[in-house]
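# How does the following fold in three dimensions:
(one chain, ligands or ions: 2)
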Amino acid sequence: MFITFEGIDGSGKSTQARLLAEALRHDGHDVVLTREPGGSPGAEEIRRLVLEGDPDRWSAETEILLFTAARRDHLERTIQPALETGRVVISDRFADSTRMYQGMSRGDLRATVDQLHKLMIGREPDLTFIIDMDPEMGLARAKGRQGHEERFEDMGLEMQRRMRAGFLALAGEFRMRCHVIDGARSTDAVAANVLSMTRAALARPDYD
Ligand code: ADP
Ligand code: TYD
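Ligands and ions are numbered 1, 2, ... in the order given. Sure thing, here's the model as predicted:
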């Protein structure tokens, strides 16, 4: 099963992805925990290109190409081989992030994102958790971390508000795989919610 976490910066995706991986390993599953942009050596190199430097470093169109190139490498080298050997793959962000960040932050490029996705990726997750929360809380949490990867976080609160609305709309668009999770609760409460939904999905006959 291929599981992804999506949502605005600071919503708790990395924390929840890690906790879910630990809980599923405890249940006896073989789990690969990965992230985007990145998740393979080549994609981690592209990560540095897209996350560091000036916010205007790349146009939205160039970013679509860079994020999709990174994703293709991640899929070929990490995700597909793991799924083929029966492992559970958990990714902190995947294509829904490109649909949101590059698809709607600077004009409406969603159709371009979707076309390139169809051509080069062609795979959706089986299960997606969209961690929803107030953008001010998310931004405060994200800013609380140290680091150099701030190109997108520097885009500010208004952008985060649009991303939140976009992620909620996306959940409506991909109803079969997307679950909106209230991220404004304690870490443990969110993790329990995510784990019970994942166990239910893994128990369904079509995931045998
Ligand atoms: P994301 O990957 O979505 O950007 P993180 O998991 O890195 O989010 O969390 C951002 C910050 O908020 C981290 O410092 C993390 O420890 C903290 N955090 C995560 N979940 C919660 C929570 N439920 N309550 C309070 N703080 C949290
Ligand atoms: P990430 O490391 O997950 O940051 P955070 O933990 O703060 O959520 O992702 C870094 C940034 O990359 C984030 O602001 C969203 C952006 N991003 C895109 O713009 N497009 C994409 O396709 C992906 C995967 C990420």
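
# Report the contact partners of the residue nearest the centre of the chain.
Nearest residue to the geometric centre of the chain (CA atoms, centre = their mean): Arg93, 1.3 Å. By CB atoms under 8 Å, 6 or more residues apart in numbering, the contact set of Arg93 is Thr4, Phe5, Glu6, Lys13, Arg35, Glu36, Pro37. The C-beta positions use only the backbone N, C-alpha and C, and glycine is treated the same way.

# Can you tell me the element Ile90 falls in?
strand 88-92 (DSSP states H and E).

# can you check Leu202 too?
helix 187-203.

# what stretches of the chain score poorly on pLDDT?
For the chain, the stretches flagged by pLDDT under 70 are 146-155, 207-208.

# Spell out which parts of it neighbour ligand 1.
Neighbours of ligand 1 within the chain, by CB under 6 Å from any ligand atom: 7, 9-15, 141-142, 144-145, 186-187, 190.

# and the two most separated of those residues?
Maximum pairwise distance in those, criterion CB to CB, is 19.7 Å, between Asp9 and Ser186.

# Which one's more surrounded, those two?
Asp9 (21 against 8; other CB atoms under 10 Å).

# Thr15 and Arg145, how far apart?
Distance, Thr15 to Arg145, by CB to CB, to the nearest Å: 11 Å.

# let me redo that: Ile121
Distance from Ile121 to Arg145, by CB to CB: 29 Å.

# quick revisit: next, give phi and psi for the residue nearest to the centre of the chain.
Taking degrees, to the nearest 10, you get phi 80, psi 150 for the backbone angles of Arg93.

# Strands of this protein, residue ranges please.
2-7, 31-35, 88-92, 127-132, 178-182 (DSSP state E).

# Buried deepest among these, which one?
Comparing the strands of the chain by mean neighbour count (mean count of other CB atoms under 10 Å), strand 2-7 ranks first with a mean of 26.

# Format the strands of the chain as JSON lines; extra columns: distance to Arg71.
Formatted as JSON lines, those follow (distance: least, CB to CB, whole Å):
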{"stretch": "strand 2-7", "distance to Arg71": "11"}
{"stretch": "strand 31-35", "distance to Arg71": "11"}
{"stretch": "strand 88-92", "distance to Arg71": "10"}
{"stretch": "strand 127-132", "distance to Arg71": "15"}
{"stretch": "strand 178-182", "distance to Arg71": "18"}
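
# Same list, these, but as CSV with distance to ligand 2 please.
Output for the strands of the chain, formatted as CSV (distance: least, CB to the nearest ligand atom, whole Å):
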stretch, distance to ligand 2
strand 2-7, 8
strand 31-35, 6
strand 88-92, 6
strand 127-132, 10
strand 178-182, 15
